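Student: Quick one, structure for this:
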Amino acid sequence: MIDPLLVDLSRLQFALTALYHFLFVPLTLGLSILIAMMETVYVMTRRTIWRDMTKFWGVLFGINFALGVATGITMEFQFGMNWAYYSHYVGDVFGAPLAIEGLMAFFLEATFVGLFFFGWEKLSARAHLAVTWLMALGTNFSALWILIANGWMQNPVGSAFNPDTMRMEVTDFTAVLFNPVAQAKFVHTVSAGYVCGAAFVLGVSAWYLLKGRHVELAKRSFVIASAFGVAASLSVIVLGDESGYALTDNQKMKLAAIEAMWETEPAPASFTVFGIPNQSGRETNFAIHIPWVMGIIGTRSLDRQIPGIDELVANAEERIRNGILAYDALEKVKADRTDTAARAAFDATSGDLGYALLLKQYVADPRQANEQQIKDASWSTVPYVPLLFFSFRLMVACGFALLAVFGISLWHTMREEEAPRWLFRMALLAMPLPWIAIEIGWFVAEFGRQPWIIDSVLPTFLATSELGVTDLLITISGFTIVYGILAVIEVKLMLAAIRKGPEVAAFIDDLHPGQSDPTLRPAE
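Tutor: Numbering: from 1, shown residues only. The predicted structure follows:
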């Protein structure tokens, strides 16, 4: 039997390192595009202020990029350290996108980051601009492969279980690449990164304007951040809606839990604005509904139903019973590889094998499970609804609040009169919102998939390494200490660079003393 504490600690360690790592990723995504836009204006106008802006924000990008790389490498090693059976079971599928990300996207990104900092006086203006855009594209390209891997965990297409190797194997790599869940997650995640970058630039610029420092740089940065932020916020909302639509076909239980929809409603389903879900009573108290909205968002129609939790649990129970047949056939195949009848039986039921594995938290051999254990296993497919319900709504609230901040900022910057000081205070206070929304978004995506580490294929509790609780407590403590030190270093470096202002970018010129390229200078 699996030790629940071992599973919980393994999940906690990965959650801590993943959420910490993703403090840096979205800012890297957003700043890279904003920097490229600023340098584009510089090359077009040859006005020195835009070059100074590019270098200044580039320094902050570089600090954040370095911490992102350091924390990202640790995450990939955890698959072998803490999730050894997961790596063995699905490594043939999951490992490919990770390898491509490491060998191609990461090196592409890192190469152009180096050229960005060291190439100012060695490359022509247009060549350096091309490097900056390639750096930005490489950053986004790196995120693509990670999200393809994560999207496969949410919707394991293009793969099948091989009874001879006892592993999941790729059957169609094109399907893995163009997984609709992965594509929806990619565009939504990248857009959220753009919002994060825009909010960061907007907030820092607002601080300068409140202090009356570096006014010319801050004004231009404020304008470009507010315009970019409006576009990015709108895209996050639209693409988030697309992600919700993808759940309707691929992760019905996650969608029902987010909505606290216990029973299937007549189409089109209503959207629950507020309520207090009761997991034990399987009801939502004090619910406030908006008719039709959920049905339209979730199905793009007025006649398709969205199944409720009760219906999905009944479906899970049926699949568990079918999975027991698959498990029995697999055991017979393992005992006799030439048993054609057992192979035929397994092929007919293999799609539900993962549901039979849910029983292993109650009984060693799923074929020996009693009726109560089967019902308990079917209800274990329901994640904790209250957490998902409120987390999702807090994420959405942050998103709309940011859209309002960017919209008001853009409206004031388009007017000829001077912007009020309260606007800058609002922009400064709004800086944490994208990080809050992004971290909650990842929580909803990953917690909502439970109890599966690979949806409908492998339960989370079966995927861990054979470690001791003490081992995990030691490593969690070690990661917490090291990451805490890195967090202090990151904050101190960023604050020091912001306090110094554009002068901090002078170190870029020191990287190549004595070098000068007149093509990079503004026209006389």
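
Student: residues touching Tyr86, list them.
Tutor: Residues near Tyr86 by C-beta atoms under 8 Å, 6 or more residues apart in numbering: Phe79, Phe94, Ile453, Ile454, Leu458, Ala463, Thr464. Bear in mind the C-beta positions are built from the backbone N, C-alpha and C, glycine included.

Student: I'd assumed Asn150 was in contact with the fourth one.
Tutor: No - when contacts are counted by C-beta atoms under 8 Å, Ile454 is not listed as touching Asn150 (10.9 Å).

Student: Please state the offset of stretch 339-356 from the chain centre?
Tutor: 34 Å (C-alpha atoms, centre = their mean, to the nearest Å).

Student: Please apply the same query to stretch 413-432.
Tutor: Going by C-alpha atoms, centre = their mean, where stretch 413-432 is centred and where its chain is centred differ by 29 Å.

Student: So which bits of it are buried?
Tutor: Thr413, Ala419, Leu423, Phe424, Met426, Ala427, Leu428, Ala430, Met431 (16 or more other C-beta atoms under 10 Å).

Student: measure stretch 407-421 end to end?
Tutor: This stretch, stretch 407-421, spans 16 Å end to end (C-alpha to C-alpha, to the nearest Å).

Student: try stretch 164-172
Tutor: 19 Å.

Student: cool, and stretch 329-347?
Tutor: Termini of stretch 329-347 sit 9 Å apart (C-alpha to C-alpha).

Student: can you list contacts of it?
Tutor: Under C-beta under 8 Å, 6+ apart, the answer for stretch 329-347 is Pro163, Asp164, Leu325, Ala326, Asp328, Thr349, Ser350, Leu353, Arg367.

Student: Name the residues of that stretch that are buried.
Tutor: Buried-residue list, stretch 329-347, by 16+ other C-beta under 10 Å: Ala329, Leu330, Val333, Ala342, Arg343, Ala345, Phe346.

Student: now the helices for the stretch 51-200 of the chain?
Tutor: Applying DSSP state H, counting those that start in this stretch to the stretch 51-200 of the chain gives helices spanning 84-100, 107-118, 125-154, 173-177, 180-211.

Student: ok, and what's touching stretch 349-360?
Tutor: Counting by C-beta under 8 Å, 6+ apart, 2, 160-161, 163, 316, 319-320, 322-327, 329-330, 366, 369, 373-374, 377, 380-381, 451-452, 454, 456-459, 461-462 sit against stretch 349-360.

Student: what stretches of this protein score poorly on pLDDT?
Tutor: 1, 104-105, 416, 504-524 (pLDDT under 70).

Student: Give me the domain ranges for the protein.
Tutor: 4-247+389-511, 254-299, 309-379 (automatic domain parsing).

Student: related to what we said a few turns ago, which single one of the buried residues of stretch 413-432 is nearest to Ala136?
Tutor: Met431 (21.6 Å; C-beta to C-beta).

Student: I'd say that closest one and Ala198 touch.
Tutor: No - Met431 is beyond contact range of Ala198, at 10.6 Å (criterion: C-beta under 8 Å).

Student: where does Asn278 fall, phi/psi-wise?
Tutor: phi -120, psi 100 (degrees, to the nearest 10).

Student: That one and Leu255: what is the separation?
Tutor: Separation of Asn278 from Leu255 (C-beta to C-beta, to the nearest Å) stands at 19 Å.

Student: the more surrounded of those two?
Tutor: Leu255 (24 against 14; other C-beta atoms under 10 Å).

Student: surely that one meets Leu247?
Tutor: Yes - in this structure Leu255 lies within contact range of Leu247 using C-beta under 8 Å: 4.1 Å.

Student: Let's see which of the contacts of Tyr86 end up in helices.
Tutor: Per DSSP state H, helices hold the following members of the contacts of Tyr86: Phe79, Phe94.

Student: burial of His188, as a residue count?
Tutor: Neighbour tally, His188, other C-beta under 10 Å: 24.

Student: let's number from 258 now, not from 1
Tutor: With 258 as the first residue, the last one maps to His445.

Student: quick one: contacts for it?
Tutor: Val493, Leu496, Gly497, Glu499, Ser500.

Student: which residues in the stretch 658-781 of the chain form strands?
Tutor: Here the stretch 658-781 of the chain has its strands, by DSSP state E, counting those that start in this stretch, at 709-711, 715-716.

Student: just the stretch 508-657 of the chain next, same as before
Tutor: Counting by DSSP E, counting those that start in this stretch, the strands of the stretch 508-657 of the chain are 528-535, 540-547.

Student: Tabulate the ones you listed (CSV), appending distance to Thr331.
Tutor: Formatted as CSV, the strands of the stretch 508-657 of the chain follow (distance: least, C-beta to C-beta, whole Å):
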stretch, distance to Thr331
strand 528-535, 35
strand 540-547, 39
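
Student: which of these sits most buried?
Tutor: Mean neighbours per residue, mean count of other C-beta atoms under 10 Å, is largest over those for strand 528-535, with a mean of 16.

Student: Show me what that strand is packed against.
Tutor: strand 540-547, helix 550-556, helix 642-670 (3 or more C-beta pairs under 8 Å, 6 or more residues apart in numbering; DSSP states H and E).

Student: between these, which gets nearest to Thr302?
Tutor: Nearest to Thr302, of the helices and strands packed on strand 528-535 and by C-beta to C-beta, is helix 642-670 at 18.4 Å.

Student: And that closest one, what's buried?
Tutor: 642, 644-650, 652, 655-656, 659-660, 662-663, 665-667, 669-670.

Student: How about Ala599: what's its closest non-neighbour residue?
Tutor: Once flanking residues are discounted, Ala599 sits nearest to Lys589: 3.7 Å by C-beta to C-beta, 6 or more residues apart in numbering.

Student: Next, the angle from the lengthiest helix in the chain to helix 642-670.
Tutor: The longest helix of the chain (DSSP H) is helix 472-507. If you take axes from the mean of the first three to the mean of the last three C-alpha atoms, to 10 degrees, helix 472-507 sits at 140 degrees to helix 642-670.

Student: So what's the residue count around the closest residue to Asp260 other than its chain neighbours?
Tutor: Counting by C-beta to C-beta, 6+ apart, Val726 is the residue found nearest to Asp260 once chain neighbours are left out, at 7.2 Å. Val726 has 12 neighbouring residues, counting by other C-beta under 10 Å.
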